[in-house]
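A.B. asks: Output the structure for:
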Amino acid sequence: MAASSIEWTEVTWNPTTGCDRTSPGCDNCYALTLAKRLKAMGQAKYQNDGDPRTSGPGFALTLHDDVLEAPYGWSGHRTVFVNSMSDLFHEDVPDSFIRRVFEVMAHTPQHTYQVLTKRSKRLARLAPLLDWPRNVWMGVSVENQRYAFRVDHLRQVPAAVRFLSIEPLLGPVDLDLTGMDWVIVGGESGHHARRVEPTWVEAVREQCTQADVPFFFKQWGGRTPKANGRVLDGRTWDQMPTEVVAASSR
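C.D. replies: Modelled structure (predicted):
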């Protein structure tokens, strides 16, 4: 477990690390850049090099059995981003390993787990074979209109909370939010960050308002994640799924 600076979570848990580019949202992947740095520092989890055409130094898909049971030792309640440095539904992660991750999440109901994937087709295929406890939130990334099909796949998943990460937002998107419980929007950050247009962000917020779906604006992005702040129309937007409100009142 590691503390996270991501505004919508508290800590990260990486039972797998490494990934491969699968769509334009991966072009300037922060995790790939960080893995290269961690490899140079000698961190054991990032010594496997991936294909330079799709991955890079320290970023080959790697399973970490020794990390799987870590949540059993965590105290209190944590909101946990699962695989901030990977994608649990990557094609090289065995079905059996995914089931083991879900078993750990089910057996630690005091924590809330946020799982996010770009591999929505595999997610939809495996969903009927997995148990879906109420403390597991499932999300997909949608960076532009071309990848809105991932929302259709997510709709097939019986998660208590289904959410969209529209980050990095690379173009205008028109979404069907039926069955969605939360939408996160953010601009790209890093040395080669692509600009996000305010009208794109405003349009997603309006879609959320019309569909009565909580809207969370993470950042405008830029050279660093916080370079241009996260204020939209004079305020911050930190809406969360109603499931959070219900849990906090118990």
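
A.B. asks: Which secondary structure elements does the longest helix anywhere in the chain sit against?
C.D. replies: When the chain is parsed with DSSP state H, its longest helix is helix 198-211. Helix 198-211 sits against strand 182-186, strand 215-219, with contacts defined as 3 or more Cβ pairs under 8 Å, 6 or more residues apart in numbering; DSSP states H and E. The way it works is simple: take the backbone N, C-alpha and C, and place the C-beta from them, glycine included.

A.B. asks: Check the ones you listed for me and report the most buried one.
C.D. replies: Mean neighbours per residue, mean count of other Cβ atoms under 10 Å, is largest over the helices and strands packed on helix 198-211 for strand 182-186, with a mean of 25.

A.B. asks: Can you pull out the residues in contact with it?
C.D. replies: Residues outside strand 182-186 that contact it (Cβ atoms under 8 Å, 6 or more residues apart in numbering): 8, 137, 139, 161-169, 175, 177, 196, 201, 204-205, 208, 213-219, 221, 239-241.

A.B. asks: How far away from the center of its chain is that strand?
C.D. replies: Here strand 182-186 shows a centroid-to-chain-centroid distance of 10 Å under the convention Cα atoms, centre = their mean, to the nearest Å.

A.B. asks: Run the angle between that strand and helix 198-211 for me.
C.D. replies: Counting by axes from the mean of the first three to the mean of the last three Cα atoms, to 10 degrees, strand 182-186 lies at 170 degrees to helix 198-211.

A.B. asks: Could I get the average pLDDT for strand 182-186?
C.D. replies: Mean pLDDT, strand 182-186: 98.

A.B. asks: same check, this time on stretch 67-76
C.D. replies: Regarding stretch 67-76, the rounded mean pLDDT is 96.

A.B. asks: For Phe216, report the pLDDT, please.
C.D. replies: Confidence score, pLDDT, at Phe216: 98.

A.B. asks: and the gap between it and Asp27?
C.D. replies: Per Cβ to Cβ, to the nearest Å, Phe216 is found 23 Å from Asp27.

A.B. asks: same thing with Ala70?
C.D. replies: Distance from Ala70 to Asp27, counting by Cβ to Cβ: 31 Å.

A.B. asks: circling back: how about a markdown table for the helices and strands packed on helix 198-211, with distance to His111 added?
C.D. replies: Shown next, in a markdown table, are the helices and strands packed on helix 198-211 (distance: least, Cβ to Cβ, whole Å):
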| stretch | distance to His111 |
| --- | --- |
| strand 182-186 | 18 |
| strand 215-219 | 20 |
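
A.B. asks: so how many other residues sit close to the closest residue to Gly76 other than its chain neighbours?
C.D. replies: With sequence-adjacent residues excluded and distances taken as Cβ to Cβ, 6 or more residues apart in numbering, Gly76 is closest to Gln110, at 7.4 Å. Neighbourhood size, Gln110 [other Cβ atoms under 10 Å]: 11.

A.B. asks: contacting residues around Gln110?
C.D. replies: Applying Cβ under 8 Å, 6+ apart to Gln110 gives the contacts Gly76, His77, Asn135.
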